[in-house]
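**Student:** the sequence and its predicted three-dimensional model are supplied below.
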Amino acid sequence: MKPFDRAERSNHIENMSDTPADRLDPVRRDLLAAALTHVPFDGWTSISLNKAARDIHVDAGTASMAFPAGGTDLLDFFTRYADSRMVARVAELGVGEMRMRDRIRTVVKTRIDVIAEHKEAERRALSFVALPQNAPLGVKALSRTVDQMWRAAGDTSTDFAFYTKRATLAAVYSATVMYWIADTSADDADTWAFLDRRIENVMAFEKAKLRVKDKIRSAPSLASVLSRLRYPGETRMKP
């Protein structure tokens, strides 16, 4: 990918921060856009950050203030960028009238679509967070992503379902991204077929849980069973 000029960087990456903008956010956006041309070769490292700074004529001190932890902060900012763009695109699609399975497919596909141009950078990101010392960043980023996905899909749950839904989506999304990384099919057709199968598996599991719950509700209570064991053949009188 050729380096972006300043106008292209501003148009290519915007609204990347999920916190109130500060004076360094424009610099962070520019540095990330420039760094994405180096990450496939140098990884999510200070080397990529320093090369990006040189490309867009940002001094080393400013780059360090923008990303104090170097490549780690740069990667974290990249994931927040992708989340932000996913939310914006899903809002434009208007998923409110879709079935839930179609909403989930839409948010997962959209999240991958926004990073599709940077597949090698995503591959390097997965390798980075696979290292034990970087695992906390991976967990944090994945948790944030699936939370944004569910909110974009219209979920407002606050009870125990809040956690179970996010755990389920995390599994679906992670598996799909791993499949996509190695996918060479036209237009990633195999990846979307894989995603459909994962969603179908989840929906089948949820239906099975509902059937079990219905059976439990219709089953005789423990008290009635014990009563019958204690007084076999006896018919209880109605009050």
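**Tutor:** That came through, no problem. Numbers count the residues shown, from 1 in each chain.
**Student:** and the most centrally placed residue in the chain, what pLDDT?
**Tutor:** Of all residues in the chain, the one closest to the mean position by CA atoms, centre = their mean is Thr145, 3.3 Å from it. Thr145 is assigned a pLDDT of 97 by the prediction.
**Student:** would you confirm that it contacts Ile112?
**Tutor:** No. Contact criterion CB atoms under 8 Å: Thr145 and Ile112 do not qualify, at 10.9 Å. Every C-beta, even on glycine, is put in place using the N, C-alpha and C of the backbone.
**Student:** if we can go back for a sec, for the residue nearest to the centre of the chain, give its distance to Val27.
**Tutor:** Here the criterion is CB to CB, to the nearest Å. By it, Thr145 lies 24 Å from Val27.
**Student:** now swap in Ser48 and tell me
**Tutor:** 15 Å.
**Student:** and if you look at Ala182?
**Tutor:** Separation of Ala182 from Val27 (CB to CB): 35 Å.
**Student:** more crowded one of those two?
**Tutor:** Val27 (18 against 9; other CB atoms under 10 Å).
**Student:** show me which positions of stretch 101-116 end up buried.
**Tutor:** 103-112, 114-115 (16 or more other CB atoms under 10 Å).
**Student:** quick one: contacts of it?
**Tutor:** Contacts of stretch 101-116 from elsewhere in the structure, counted by CB atoms under 8 Å, 6 or more residues apart in numbering, are 82-83, 85-86, 89-90, 93, 95, 98, 121-122, 145, 149-150, 152-154, 169, 172-173, 176-177, 180, 188, 191-192, 195-196, 199-200, 203.
**Student:** off-centre distance for that stretch?
**Tutor:** Average the C-alpha atoms of stretch 101-116, do the same for its chain, and the two points are 9 Å apart (CA atoms, centre = their mean, to the nearest Å).
**Student:** can you give me the strands in this protein?
**Tutor:** For the chain, none of the segments meets the definition of strands by DSSP state E.
**Student:** run through it and note the low-pLDDT ranges.
**Tutor:** Counting by pLDDT under 70, the chain contains low-confidence residues at 1-21, 205-239.
**Student:** ok, now with 80
**Tutor:** Of all residues in the chain, those with pLDDT under 80 make up the ranges 1-22, 157-160, 205-239.
**Student:** so which residues of it form helices?
**Tutor:** Using DSSP state H, the helices found in the chain span residues 6-12, 25-35, 39-42, 46-55, 60-66, 71-93, 100-113, 119-129, 135-152, 160-182, 189-218, 222-230.
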